[in-house]
Each structure stands twice: as C-alpha cells, then as structure tokens.
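>>> heads up, no residue letters with this:
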C-alpha cells in the first residue's frame, strides 16, 4: 500500500472515532435531560389536561348534557313567554276596566238637580216677569233676519241697524233681489257685513223660491236656510210661532254650567241636557229668564253675586263681587237704571221701569 493511501485511511479512522465520541456525549446528555418513563407517564396527563383547558375556551358538552341544556333553555323561554302573556292580559283587562262606558247624550237627571233647576227658574220668573227676546221684530221674516245678524255683535247694534234694512227691503222677495253692495253698506255697523249680506240675501232667495216667501215653522226646514243654525231656528220657532225651544247662546251656556245643570260644552248637548230638566212648555221662557239674568247680573267676568236674587241656590256664589253695595254698581240695563237693547220694547218692560234703547247715532 502506498504511503499516501495509508495516511488517508488513518485520517478517516480518527475522524470516525471522534464522531463516535461526540455521539456518545450527545446520547448521555439526552438521557440525563429525559425523565424516567414513570415520571413521564405521571406528567403527561396533567400537561395534556392543562393544554386542553388552555386551548379550549369552554368544554364541549356531551350529547346528553347538550340535550338537557336545550330543554332547560326551552322551559325558561316558555315560562318568560307565559309571564309576558299573563301581564299583557292583565294590562288589557285593566285598561278595559279603566275606560268608562260611553255615556248617552242625556243622562237621567237626579231628583235633587231637577228640583234645584226648576226652583231657580221660578225665582228668575219673579225677577224678570217681562223677559222677552231682545230683538225688535214685527213678523217672522224680520225676526229671522235680525237673529242671523246678531252673530258676533250685540242685539242693541242689530236693533239700531234693521230699521233702515226693513224700510228698504220689507219682504223676502225684495231682499232677494237687492244689490249686495247696498245691503253691505247698511249692515256695516254689525260687523262681518259681507258674510251677513250673503246669508240674508241667500235665505231670502230660498224663502221666495222654496217656501212662497213665507218663513217655515219647522226646525228641519229652517236649518236648511243659509246662515241658520239650531239656535236661530229655536229663537224663531219659540217667539214667532209659539213652539217651545231652548236658545243656547253664550249667556245660556255660561250660566247653566255655573249652576251645574250640566258639564257639557257643545250647544246641542247642552240643549238636550237642560231640556231634560224642564217640561217642554217652559223651554222658551226658560231661555229668556237665563239670558236676561246673564246680561244683567251674572256677567262673564264680574258677576254681581252680592246683588243676585238666587245666590242661596247658586253653587258658584262667590266667584264675583259679594259686597252688596259694590255688586249693585255692576248691574246693567233696567236693573242698573240704564237703557235696554230694544228700540221698541214690550209694554211690560216699560212698566217695570225699562228704558228703550236709543236709535243708531243718537248716543
């Protein structure tokens, strides 16, 4: 063998030995670092459990557990739904119980209320035996037109205006054919004169064309006329035809509520409620008594309680001036020594000390 080959073989052998020694060292190190089989067996389950707990946020339930949880959840949901339904039923029942039954238009008045209301009317009849409609008229047509014109103004202003109107247009046919501008000029002092001109000319045309120029004596016919409502119709029926009716004007509404005859605020309901307290034959004069008292003593802002003849019967006594001397200074028209609203009042009114109203422009 050549020397070169021998050297190479020796070198390879030395390298192999060196590698073997290194491998033994590594093996020893591994053995030292690796625990015994028994220890490994003990440690492995603990490590696996810890790793599983760390890796999984929640334990996956078995089918049996999952079924039990679903059942429990369903039962809870059913219970909640049942509680909500029960609460809703109770709430509905409470609401139904709280909502009062619909009242009829006119409740049956109590005996005490009927007696008190009728006594007040009797007292007023003694105080105002001359009570009458405070519009000047000579026939149903004049009363109808005057009542339509009295809206939003005083009876005094109407009474001062109608003489010129009826002197120029005495019949429905005359007024139906009138020039609207000329009528407007006459009615200007009453306010809302354009609308009122339209109404009186319109109702005059209807009377001429549908009723032969005569004012009908039925409620259903009157309320069909332009500008005519129930209040106007009852004024005409009660005072021109002698047919009972209740006139619910602003004074009537105020007083019947003060006297607690009714709590209604709508005119037709007030009419029905008050009508139930009195015989029908008394309705027209009842209206005059109440309106007279409202204009003279029981005012809207300052009622003269200290000078009121029905104070002991009035539930609202004390709303106004109770001192007799001060209350007397609040009285109006004949009760206070002042002119009335009619230019041509009835003789009974004059006999009771009433003074006629001055004509337009006379002060």
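Sure, I can see it. What you see is a predicted model; the values in this text were computed from it and never measured.

>>> Where does pLDDT dip in this protein?
Counting by pLDDT under 70, the ranges of the chain that qualify are 1-108, 363.

>>> Repeat the analysis, applying 80 as the threshold.
1-109, 362-363 (pLDDT under 80).

>>> The nearest residue to residue 233 once chain neighbours are set aside: how many residues sit nearby?
Leaving aside its chain neighbours, residue 233 sits nearest to residue 222 (4.0 Å; criterion: CB to CB, 6 or more residues apart in numbering). To be clear about C-beta, it is placed using only N, CA and C from the backbone, and glycine gets the same treatment. Neighbour count for residue 222, taken as other CB atoms under 10 Å: 22.

>>> do the one 10 residues further on as well
As a burial measure, residue 232 scores 22 neighbours (other CB under 10 Å).

>>> which non-adjacent residue is nearest it?
residue 147 (4.6 Å).

>>> Can you tell me how far that neighbour is from residue 153?
12 Å (CB to CB, to the nearest Å).

>>> neighbour count winner among the two?
residue 147 (26 against 15).

>>> next structured bit after the host helix or strand of residue 173?
Assessed by DSSP states H and E, residue 173 sits inside helix 172-176. Once the chain leaves helix 172-176, the next helix or strand it forms, by DSSP H and E, is helix 180-187.

>>> Give me the helices and strands touching that next one, please.
helix 155-168, helix 193-210 (3 or more CB pairs under 8 Å, 6 or more residues apart in numbering; DSSP states H and E).

>>> List the buried residues of that helix.
By 16 or more other CB atoms under 10 Å, the buried positions in helix 180-187 come out as 183-184, 186-187.

>>> for stretch 186-199, same thing?
Under 16+ other CB under 10 Å, the buried positions of stretch 186-199 are 186-187, 189-190, 193, 196-197, 199.

>>> So what would you say the end-to-end distance of that stretch is?
When the termini of stretch 186-199 are compared using CA to CA, to the nearest Å, they are 14 Å apart.

>>> ok, now which ones touch the residue nearest to residue 233?
Counting by CB atoms under 8 Å, 6 or more residues apart in numbering, residue 222 makes contact with 144, 215-216, 228, 232-233, 236-237.

>>> again with residue 282
121, 244 are the contacts of residue 282 under CB under 8 Å, 6+ apart.

>>> Report the separation between it and residue 274.
11 Å.

>>> Ok, residue 265 next?
13 Å.

>>> quick one: which of the two has more around it?
residue 274 (25 against 9).

>>> For that one, I want the exact helix or strand it lies within.
Going by DSSP H and E, residue 274 is in helix 267-275.

>>> now swap in residue 256 and tell me
helix 250-258.

>>> Touching that helix from outside, list them.
Contacts of helix 250-258 (CB under 8 Å, 6+ apart): 246, 262-263, 265, 267, 270, 274, 287, 290-291, 293-295, 298, 300, 303, 314-316, 319.

>>> Buried ones in that helix, by neighbour count?
So, applying 16+ other CB under 10 Å, buried residues of helix 250-258: 251-256, 258.

>>> Residue 208 against residue 174, yeah?
No - Residue 208 lies out of contact with residue 174 (CB atoms under 8 Å); the separation is 9.4 Å.

>>> between those two, who's got more neighbours?
residue 208 (18 against 14).

>>> tell me what whichever strand or helix holds residue 235 is packed against?
Taking DSSP H and E as the definition, one finds residue 235 inside helix 230-240. Packed against helix 230-240 by the contact rule (3+ CB pairs under 8 Å, 6+ apart) you find helix 140-149, helix 219-222, helix 267-275, helix 283-296.

>>> could I get those as JSON lines with distance to residue 339?
Listed next are the helices and strands packed on helix 230-240 as JSON lines, based on distance: least, CB to CB, whole Å:
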{"stretch": "helix 140-149", "distance to residue 339": "18"}
{"stretch": "helix 219-222", "distance to residue 339": "31"}
{"stretch": "helix 267-275", "distance to residue 339": "30"}
{"stretch": "helix 283-296", "distance to residue 339": "13"}
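
>>> Which among those helices is found nearest to residue 323?
helix 283-296 (18.0 Å; CB to CB).

>>> quick one, that closest one and helix 230-240 angle?
110 degrees (axes from the mean of the first three to the mean of the last three CA atoms, to 10 degrees).

>>> Kindly present the helices and strands packed on helix 180-187 as TSV, with separate columns for distance to residue 331.
Listed next are the helices and strands packed on helix 180-187 as TSV, based on distance: least, CB to CB, whole Å:
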stretch	distance to residue 331
helix 155-168	17
helix 193-210	31
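
>>> Ok, which of those helices comes nearest residue 352?
helix 155-168 (18.0 Å).

>>> tilt between the closest one and helix 193-210?
50 degrees.

>>> Counting by contacts, list what helix 155-168 packs against.
helix 140-149, helix 180-187.

>>> 10 Å instead?
Judged by 3 or more CB pairs under 10 Å, 6 or more residues apart in numbering; DSSP states H and E, helix 155-168 is in contact with helix 140-149, helix 172-176, helix 180-187, helix 193-210.

>>> Kindly present those helices as CSV, with separate columns for distance to residue 328.
Shown next, in CSV, are the helices and strands packed on helix 155-168 (distance: least, CB to CB, whole Å):
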stretch, distance to residue 328
helix 140-149, 32
helix 172-176, 44
helix 180-187, 37
helix 193-210, 37
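
>>> thinking again about what came up before, for ChimeraX, write the selection for the buried entries among the contacts of helix 250-258.
A single ChimeraX command selects the buried members of the contacts of helix 250-258 (16+ other CB under 10 Å):
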select :246,262,267,270,274,287,290,291,293,294,295,298,303,314,316
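
>>> State the number of residues packed around residue 156.
Should you count by other CB under 10 Å, residue 156 turns out to have 20 residues around it.
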